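Colleague: I would like to see how this sequence folds:
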Amino acid sequence: MIGKIQGTGAYVPPKILENQQLEKWVETNDTWIRERTGVQRRHVVAKPEESTAFLATQAARQALKEARIKPEELDLILVSTVSADQMMPGTACLVQKELGAVRAAAFDLNAACSGFLVSYITACAYIESGLYQKILIIGSETLSNIVDWEDRGTCILFGDGAGAIVLTAEEEQKDERKYRPVLHSDGNQGKALTLQNRYHLNPFKQQQTFEREKESIVAGNKKDYVRMDGQAVFKFAVRKVPEIIQEVLEENQMKKEEIKYYVLHQANLRIIEQVAKRLKEPMEKFPVNLQEYGNTSSASIPILLHELNRDGKLKSGDRILLAGFGGGLTWGATILKW
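Modeller: Down below sits the predicted model:
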């Protein structure tokens, strides 16, 4: 058995935050942001009901409608997010409730901006094993809730949104093949991109540590926002993403010419341009939508995939290469046939 995408969906909150509006909070301007990131605007949650689970559910309903699959037919729901509304229950369980997917197992995955890719690879493995037949995969983020709006290095980059796909099991045809994915991690570089938990005081710690943490909380110095070493992440991405694209092509004995589109995590336009340059591939093969949404972390790949599908740019038989990279540090790639 192999997994085939039967439907896609995406949802972003209606409120738009233009680059010019950020000038109220940090020392920046539209030209500076566009030149360094490619971002022109981003969508952000602004209403109480616009939770990570809410965005995920809206995208999921679109994908299920296109796939012509009822929620109660689902076997599994996977949600990738770094901005869950709560630690438990998981976002996937909240989505399961809202959809009425009474048969589905549901759990979250966290691999930061690589999360959707990891979820897709996990879902394919479940299908190939024969364990599940119909799987809903979602990347959903409300990053505006965890961004420090006084930190110019991060607040200009991120936006909110969700993307979803429905994957179903199909018998392998004679001309079909299973594509082998490639995943890597390097915890030694983990400090380049972090989001520490909102912790509570633990009275069982050594008294000195307890008092220091208490003072930090009172002073408002909790490290509960996204923190990023921008230069380190940029250098990591422009080096590792071309490498892993070459690796996954070699792993599957394929050539660049066989790939219709490279659907990359939408982190920064300069990163995508550098990847294209190093691969000696035209930018036309690298669709981009970050100018509209910013970096939506694990939602960026499924949102872009949905837009390509919606606009009729994906034809049966097209081979698409997905590549993600982000906190961990993590990076990976896989190939799918449309």
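
Colleague: could you pull out the helices in the stretch 1-150 of the chain for me?
Modeller: Listed in chain order, the helices of the stretch 1-150 of the chain (DSSP state H, counting those that start in this stretch) span 30-37, 52-67, 91-99, 115-129.

Colleague: quick one: closest of these to Leu269.
Modeller: If you check each of these against Leu269 by C-beta to C-beta, helix 30-37 wins as the nearest, at 6.4 Å. (C-beta placed from N, C-alpha, C; glycine too.)

Colleague: mind listing what's buried along that closest one?
Modeller: 30, 33, 36-37 (16 or more other C-beta atoms under 10 Å).

Colleague: which one among those residues gets closest to Arg310?
Modeller: Taking C-beta to C-beta as the measure, Arg310 lies nearest Thr37 of the buried residues of helix 30-37, at 24.7 Å.

Colleague: distance of the closest one relative to Tyr293?
Modeller: 12 Å (C-beta to C-beta, to the nearest Å).

Colleague: need the buried residues of helix 30-37 in a markdown table (columns: pLDDT and distance to Ile165).
Modeller: Formatted as a markdown table, the buried residues of helix 30-37 follow (pLDDT from 0 to 100; distance: C-beta to C-beta, whole Å):
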| residue | pLDDT | distance to Ile165 |
| --- | --- | --- |
| Asp30 | 92 | 33 |
| Ile33 | 95 | 30 |
| Arg36 | 92 | 31 |
| Thr37 | 95 | 26 |
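
Colleague: can you put these in JSON lines and add distance to Leu314?
Modeller: Formatted as JSON lines, the buried residues of helix 30-37 follow (distance: C-beta to C-beta, whole Å):
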{"residue": "Asp30", "distance to Leu314": "32"}
{"residue": "Ile33", "distance to Leu314": "30"}
{"residue": "Arg36", "distance to Leu314": "31"}
{"residue": "Thr37", "distance to Leu314": "27"}
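
Colleague: did I read that right, Leu336 in a helix?
Modeller: No. Leu336: not assigned to a helix; according to DSSP: H, G, I helix; E, B strand; the rest coil it is strand.

Colleague: in which helix or strand does the residue lying closest to it once chain neighbours are set aside reside?
Modeller: Leaving aside its chain neighbours, Leu336 sits nearest to Ile320 (5.3 Å; criterion: C-beta to C-beta, 6 or more residues apart in numbering). Per DSSP states H and E, Ile320 falls inside strand 319-326.

Colleague: report all helices and strands that the helix ranked longest in the chain contacts.
Modeller: Longest helix in the chain, counting residues (DSSP state H): helix 230-251. On a contact count with 3 or more C-beta pairs under 8 Å, 6 or more residues apart in numbering; DSSP states H and E, helix 230-251 meets strand 182-185, helix 269-279, strand 319-326, strand 330-337.

Colleague: count of residues packed around Tyr120?
Modeller: 28 (other C-beta atoms under 10 Å).

Colleague: ok, Leu17 to Ala46 distance?
Modeller: On the measure of C-beta to C-beta, Leu17 and Ala46 end up 9 Å apart.

Colleague: what about these two, which has more around it?
Modeller: Legend: neighbour count by other C-beta under 10 Å for Leu17 and Ala46, higher for Leu17 (18 against 13).

Colleague: my guess is Leu279 contacts Leu249, does it?
Modeller: No. With contact defined as C-beta atoms under 8 Å, Leu279 does not count as touching Leu249 (9.6 Å).

Colleague: what is in contact with these two at once?
Modeller: Lys256 (C-beta atoms under 8 Å, 6 or more residues apart in numbering).

Colleague: list the contacts for Ile137?
Modeller: Ile137 neighbours (C-beta under 8 Å, 6+ apart): 78, 80, 116, 119-120, 123, 164-167, 302.

Colleague: so what's it bridging to?
Modeller: In this entry, Ile137 is beta-bridged to Leu78, Ile165, by DSSP bridges.

Colleague: Pro282 contacts Glu273, correct?
Modeller: No. Judged on C-beta under 8 Å, Pro282 makes no contact with Glu273 at a distance of 11.1 Å.
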